[in-house]
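Engineer: coordinates only, sequence not included:
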């Protein structure tokens, strides 16, 4: 027993001696040496924070690679030269005001779709002025928990306020498949709004009703004029976003649709002079992605 106590006493004395020596060394250090020591201590204390940031950057690069792989684009590495980019003045807005209409799993899907939009806009040659509005509630909590690096995103305007309080109503065009207006061209002076809603058609017409209530312009993409879907389809918010980006680069709706829409969705080109005559039972993630039925209606009227 005495031997154990002696050992403990020796350890304590040794620790005290070491602490005393360190204190004496610190006191004898020059101002520059103390500063360097403090810097090293801070470096060690922030080790876990640096590890977390590296993990987030790795996840972001993975998302960018996935987005390009879906488009059949070869990954060119993270050091892509962005100084050749020519930003568009067109504003593209994801309206996140439908938070309360979604269950948690669908909010998580929306978060992933927004990540894809961000990655794609950073990659292309003509990036748009990207806005997230009404950013709060479940969506913000999910992003804080899963992707804390969103606060460092570049080239994106993230606002808690609704889009119609940030931008002039005369500039706004809400993209919704329920609109009778078919979009033919994009006006780069406008702000085009995409409903940030993953609801599997539980809330049909909600974006169209919102546009009418706010008294702003609305339109649908000319999907049915160029694309024939042979199966049920689920087009996400990021697909809509990417179609607009692709049109800005190609100035051709058909090319834009077939650059973005994966072939596994059953997307086929509409033959010249042929409307989209098949009824679709669409289970969509975004109102804008419905197949346009205008041509079918015109054909039936003319019979």
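Structural biologist: Cool, got the structure. Note that this is a predicted model, so its numbers are computed, not measured. Residues are numbered from 1 along each chain as shown.

Engineer: am I right that residue 219 falls within a helix?
Structural biologist: No - Residue 219 is assigned strand when assessed by DSSP: H, G, I helix; E, B strand; the rest coil, not a helix.

Engineer: and for it, the neighbour number?
Structural biologist: 19 (other Cβ atoms under 10 Å). Every C-beta, even on glycine, is put in place using the N, C-alpha and C of the backbone.

Engineer: pretty sure it contacts residue 178?
Structural biologist: No - using Cβ atoms under 8 Å, residue 219 is not in contact with residue 178; the gap is 10.5 Å.

Engineer: find residues that contact each of the two.
Structural biologist: Here residue 219 and residue 178 have no joint contacts, going by Cβ atoms under 8 Å, 6 or more residues apart in numbering.

Engineer: surely residue 94 forms part of a helix?
Structural biologist: No - according to three-state DSSP, residue 94 belongs to no helix; its state is strand.

Engineer: that one bridge partners, please.
Structural biologist: Beta-bridge partners for residue 94, by DSSP bridges, are residue 132, residue 194.

Engineer: for it, give me its contacts.
Structural biologist: Residue 94 touches 114, 117, 131, 132, 133, 193, 194, 196, 237, 241, counting by Cβ under 8 Å, 6+ apart.

Engineer: quick one: the strands in the stretch 1-150 of the chain?
Structural biologist: In the stretch 1-150 of the chain, the strands defined using DSSP state E, counting those that start in this stretch lie at 91-95, 129-133.

Engineer: as TSV, those strands with mean pLDDT would be great.
Structural biologist: Output for those, formatted as TSV (pLDDT from 0 to 100):
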stretch	mean pLDDT
strand 91-95	97
strand 129-133	97
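
Engineer: could you point out which of the ones you listed sits nearest residue 255?
Structural biologist: Nearest to residue 255 among the strands of the stretch 1-150 of the chain is strand 91-95 (18.6 Å), distances taken as Cβ to Cβ.

Engineer: so where's the stretch 151-300 of the chain uncertain?
Structural biologist: Residues of the stretch 151-300 of the chain meeting the criterion pLDDT under 70: 200-201, 229-235, 262-300.

Engineer: let's go with 50 and repeat that
Structural biologist: Where the stretch 151-300 of the chain drops to pLDDT under 50, the residues are 232-234, 264, 272-300.

Engineer: how about the helices in it?
Structural biologist: For the stretch 151-300 of the chain, the helices defined by DSSP state H, counting those that start in this stretch cover 163-166, 206-214, 223-226, 237-250, 253-260, 294-302.

Engineer: what does the longest one contact?
Structural biologist: Outside of helix 237-250, the residues within contact range by Cβ under 8 Å, 6+ apart are 67, 71, 88, 90, 92, 94, 110, 113-114, 116-117, 120-121, 124-128, 175, 186, 192, 194-198, 221, 253, 255-257, 259-261, 285-286, 288-289.

Engineer: of the strands of the stretch 1-150 of the chain, give the one that comes closest to residue 170.
Structural biologist: So among the strands of the stretch 1-150 of the chain, strand 91-95 is nearest, using Cβ to Cβ, at 13.0 Å.

Engineer: hmm, residue 147 is touching residue 59, no?
Structural biologist: Yes - applying Cβ under 8 Å as the test, residue 147 and residue 59 come out as touching, 7.4 Å apart.

Engineer: let me see the backbone angles for the closest residue to residue 109 other than its chain neighbours.
Structural biologist: Leaving aside its sequence neighbours, residue 109 sits nearest to residue 198 (Cβ to Cβ, 6 or more residues apart in numbering; 4.7 Å). The phi and psi values for residue 198, taken as degrees, to the nearest 10, are phi -110, psi 100.

Engineer: can you pull the buried residues of stretch 209-219?
Structural biologist: Across stretch 209-219, burial judged by 16 or more other Cβ atoms under 10 Å covers 210, 211, 214, 216, 217, 218, 219.

Engineer: how about stretch 106-118?
Structural biologist: 106, 107, 108, 110, 111, 112, 113, 114, 115, 116, 117, 118.

Engineer: so what touches it?
Structural biologist: Residues outside stretch 106-118 that contact it (Cβ under 8 Å, 6+ apart): 60, 63, 66-67, 94, 96, 99, 102, 130, 132, 138-139, 142-143, 146-147, 153, 156, 196-200, 236-238, 241-242, 285.
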